[in-house]
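# return a 3D structure for these sequence lines:
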Amino acid sequence: MLSCTPQEPWWGEARRNSVSAESESMLLNKNRRSFRIPGFLGASLQGKSSVAENCPGVGDCLLLDLSRGFFAVADASDRNPMASRDFMKMFSKMMSGIDALCADYVYNDEEVISVQEQIKAKAELLIKSLSFSDGCTFTGILILKTGKGIGGLLLHTGDSFLLACDLQSGNTRQLTKDNFWMVGRSQHFFQIEELHINNDTRLLLATDGFGNIHVAESMGREEYVLKLFESLSVDEIPDSIFDRVDNIDNAWDDTALIAIDPMTMARFPGCYIFGGTSAAEEKVFREEKKLGMHKDQYLPCAVPADDQINNIMFL
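Numbering: from 1, shown residues only. Predicted structure coming up:
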């Protein structure tokens, strides 16, 4: 078993020092269904607009496995919106069975290969075990610190996506390949790919509801996202995007977003899942918002006890 204490100096330590790996750095806004770690990560889930009547639930879902450095979004259909949450739970449980995974560990080349091969094998077995009713998209990335920089393992199927923005070159590209495959409808992931991540790269994971975002006609999606990363702290980006949607009167679809600065990753306790809610759960959440039970403010997020770090918290 690997220790979570880094075994060698890491060349990205200078920028990471600005992020404190303490529970006080983990902030939750229940009203927005948003989560922040300043300087490192911003995540948010937007349900269907209030214009949408008889909301069937929120099929979009996001997973933040902070202790292991794995992050994912998923999108299930209205027929079974909870399928995305169920798959996130199963995937997180699968990851917990790999002792070598730790967000704060610096891996050597052999360890990187071992971890990646374990995840590939276990993930393929998991996806083969699912039924048709478990259908959802899935886009996830494991971020690995190495003595040479940052590596990643991408697992993807469906039309959710991962964008990489290189702030030094000004280039933004989609790392995932669009497809019509779904978890529960296919026997394999459409794309499993090992990545090298430059130290000036920022990442955005998003479900297809991102298409709700209206940008200037002269600006494409990639340019819009790049400008956000250039002008805002990474943890502010999901809220900034959804604030733009909130000013539009038309109905919109569920959307899940995670913005990450991989170079500042530190190990935080716990694993958190947003979304994948049933119609009844969503009705309760919306009624609570109307009653003012969830204030639009960020507060320190509850942290699992030390002996419950592997537990999943649903937010």
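# all helices for the stretch 51-200 of the chain, in order.
Along the stretch 51-200 of the chain, counting by DSSP state H, counting those that start in this stretch, helices occupy 83-96, 109-128.
# most tightly packed of the ones you listed?
When those are scored by mean count of other C-beta atoms under 10 Å, the highest mean neighbour count falls to helix 83-96 (a mean of 22). Glycine gets a C-beta too; all of them are placed from N, C-alpha and C.
# other SSEs contacting it?
strand 57-65, strand 70-76, helix 109-128, strand 136-146, strand 271-278, strand 312-314 (3 or more C-beta pairs under 8 Å, 6 or more residues apart in numbering; DSSP states H and E).
# tell me what angle it forms with strand 70-76.
Taking axes from the mean of the first three to the mean of the last three C-alpha atoms, to 10 degrees, one finds helix 83-96 and strand 70-76 inclined to each other by 150 degrees.
# mean confidence (pLDDT) on helix 83-96, please.
Taken as a whole, helix 83-96 carries a mean pLDDT of 94.
# could you point out which of the helices of the stretch 51-200 of the chain sits nearest residue 272?
Proximity to residue 272 (C-beta to C-beta) singles out helix 83-96 among those, at 9.7 Å.
# report the distance from the closest one to the chain centre.
A distance of 13 Å separates the C-alpha centroid of helix 83-96 from that of its chain, computed with C-alpha atoms, centre = their mean, to the nearest Å.
# list the contacts of it.
59-61, 63, 65, 68, 70, 72, 74-77, 101, 119, 122-123, 126, 130, 133-136, 138, 140, 183-184, 271, 273, 275-277, 310, 312, 314 (C-beta atoms under 8 Å, 6 or more residues apart in numbering).
# list the contacts of residue 232.
Going by C-beta under 8 Å, 6+ apart, residue 232 touches residue 240.
# revised request: answer the last question for residue 46.
By C-beta under 8 Å, 6+ apart, the residues touching residue 46 are 33, 60, 209, 242, 245, 252, 254-257.
# let me know the pLDDT of it.
If you check residue 46, the pLDDT there is 90.
# what about it, distance to residue 58?
The span separating residue 46 from residue 58 equals 9 Å under the rule C-beta to C-beta, to the nearest Å.
# now do the shared contacts for those two.
By C-beta under 8 Å, 6+ apart, residue 46 and residue 58 have these common neighbours: residue 254.
# follow-up on the earlier one: possible to save the helices and strands packed on helix 83-96 as a markdown table with mean pLDDT and distance to residue 300?
Conversion of these to a markdown table gives the following (pLDDT from 0 to 100; distance: least, C-beta to C-beta, whole Å):
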| stretch | mean pLDDT | distance to residue 300 |
| --- | --- | --- |
| strand 57-65 | 94 | 16 |
| strand 70-76 | 97 | 21 |
| helix 109-128 | 94 | 31 |
| strand 136-146 | 96 | 24 |
| strand 271-278 | 93 | 14 |
| strand 312-314 | 71 | 13 |
